[in-house]
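**Student:** pasting the structure only:
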């Protein structure tokens, strides 16, 4: 039995390290031919593009070859946890009988590692003392769940654990949104697919679980907005400011569109595919009470 970790993992352990994994994200999930994947792939079957060294054979061409869904997947470090800790470095190619148990472990550890990432971010927001204690306790409990052997992992009720943790994360987001000023609009779970949100004041907004697929957010200030679980696929962030956006992770950025003017936090990387997008004029939101700009034109 693998020992439970003595303390919650640090930020680097919650990032995917493909060199220490066995290509589990290319094996465990099912793919359905769609805008995200060029082919169908059953769950538990290696992708045809997976090489013998567990690297992707078309990694640098995934978007061009019809696999943008692969570019936005993040295991939050669960892949190397399964490979190196749960199974002690035993490769499923050398021991094919381990693959079903390895897949089962991955489906449990991936959401647990995602929760650990959110809890780590929540603690870093410097919440009120009582809430910080609850968050730290939840983080330690979640970390302990990730240290089990395959049998113990199968017994973890991930949904129930997530239901216990999510209210704490919501409280942490609310506390951060209202610190130093009033919280912004509550758009939790809002259906904003393709919405033109240019000029909308979304500072300190609650956008938890909002569907922002294809939304036009050019020039929008998302400072201290909570985007936990927000779907940003195809959202246009050109010229937007997400430097202090709460709970924004790399996969959300990778799924969106942006450019050199998009303000990013130092902890996240500007996606490579953004550089191909043209620069466009940015319309900044007008603050309440501000006078409208004077119209200019030729005298008649």
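**Tutor:** Looks like it came in fine. All values derive from a computational prediction rather than experimental measurement.
**Student:** can you map out the helices along the stretch 151-300 of the chain?
**Tutor:** Applying DSSP state H, counting those that start in this stretch to the stretch 151-300 of the chain gives helices spanning 158-178, 250-255.
**Student:** so where's this protein uncertain?
**Tutor:** Within the chain, the ranges that satisfy pLDDT under 70 run 1-7, 10-12, 276-300.
**Student:** could you point out the longest helix of it?
**Tutor:** helix 99-124 (DSSP state H).
**Student:** could you list every helix and strand in contact with it?
**Tutor:** helix 78-80, helix 129-146, helix 150-154, helix 158-178 (3 or more Cβ pairs under 8 Å, 6 or more residues apart in numbering; DSSP states H and E). C-beta coordinates here come from the backbone N, C-alpha and C atoms, glycine included.
**Student:** mind listing what's buried in that helix?
**Tutor:** Judged by neighbour count (16 or more other Cβ atoms under 10 Å), helix 99-124 contains these buried residues: 99, 101-123.
**Student:** do you know how far the closest residue in space to residue 261 that isn't next to it in sequence is from residue 91?
**Tutor:** In this structure, residue 261 finds its nearest non-sequential neighbour in residue 239, 4.5 Å apart by Cβ to Cβ, 6 or more residues apart in numbering. According to Cβ to Cβ, to the nearest Å, residue 239 and residue 91 sit 46 Å apart.
**Student:** quick one, which of those two is more surrounded?
**Tutor:** The neighbour comparison of residue 239 against residue 91 (other Cβ atoms under 10 Å) goes to residue 239, with 22 against 14.
**Student:** surely that one and residue 260 touch.
**Tutor:** No. Residue 239 is beyond contact range of residue 260, at 9.3 Å (criterion: Cβ atoms under 8 Å).
**Student:** nearest to residue 21, out of the helices and strands packed on helix 99-124?
**Tutor:** Of all the helices and strands packed on helix 99-124, the one in closest proximity to residue 21, counting by Cβ to Cβ, is helix 78-80 (3.5 Å).
**Student:** for that closest one, what is the distance to the chain centroid?
**Tutor:** Centroid separation for helix 78-80 versus its chain: 15 Å, with Cα atoms, centre = their mean, to the nearest Å.
**Student:** and it, what's buried?
**Tutor:** By neighbour count on 16+ other Cβ under 10 Å, the buried set for helix 78-80 is 78-80.
**Student:** got it, and stretch 151-163?
**Tutor:** 152-153, 156, 158, 161-162.
**Student:** is it possible to export those to a markdown table including distance to residue 26?
**Tutor:** Putting these into a markdown table (distance: Cβ to Cβ, whole Å) gives the following:
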| residue | distance to residue 26 |
| --- | --- |
| 152 | 26 |
| 153 | 21 |
| 156 | 24 |
| 158 | 22 |
| 161 | 27 |
| 162 | 25 |
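**Student:** ok, the residue nearest to residue 261 to residue 222 distance?
**Tutor:** For residue 239, the distance to residue 222 - Cβ to Cβ - is 12 Å.
**Student:** now do the contacts for the residue lying closest to residue 190 once chain neighbours are set aside.
**Tutor:** Once flanking residues are discounted, residue 190 sits nearest to residue 210: 4.6 Å by Cβ to Cβ, 6+ apart. Contacts for residue 210 (Cβ atoms under 8 Å, 6 or more residues apart in numbering) come out as 187-190, 192, 227, 230-231.
**Student:** if I look at residue 210, how far off is residue 165?
**Tutor:** In terms of Cβ to Cβ, residue 210 sits 20 Å off from residue 165.
**Student:** indicate which one of the helices and strands packed on helix 99-124 is closest to residue 200.
**Tutor:** Across the helices and strands packed on helix 99-124, closest to residue 200 is helix 158-178 (Cβ to Cβ), at 16.1 Å.
**Student:** what's that closest one in contact with?
**Tutor:** Contact with helix 158-178 is made by 108, 111-112, 115, 118-119, 122, 125, 127-128, 131, 134-135, 138, 141-142, 145, 183-184, 204-206, 208, 224-226, 228, 246-247, as judged by Cβ under 8 Å, 6+ apart.
**Student:** now do the longest helix of the chain against helix 129-146, angle only.
**Tutor:** When axes from the mean of the first three to the mean of the last three Cα atoms, to 10 degrees is applied, the directions of helix 99-124 and helix 129-146 differ by 170 degrees.
**Student:** helix 99-124 versus helix 158-178: what angle between them?
**Tutor:** Angle of helix 99-124 versus helix 158-178, following the same axes, to 10 degrees, is 20 degrees.
**Student:** ok, how many other residues are close to residue 191?
**Tutor:** If we define neighbours as other Cβ under 10 Å, then residue 191 has 11 of them.
**Student:** ok, the contacts of residue 210 vs residue 57, which is closest?
**Tutor:** For those, the nearest to residue 57 is residue 231 (28.8 Å; Cβ to Cβ).
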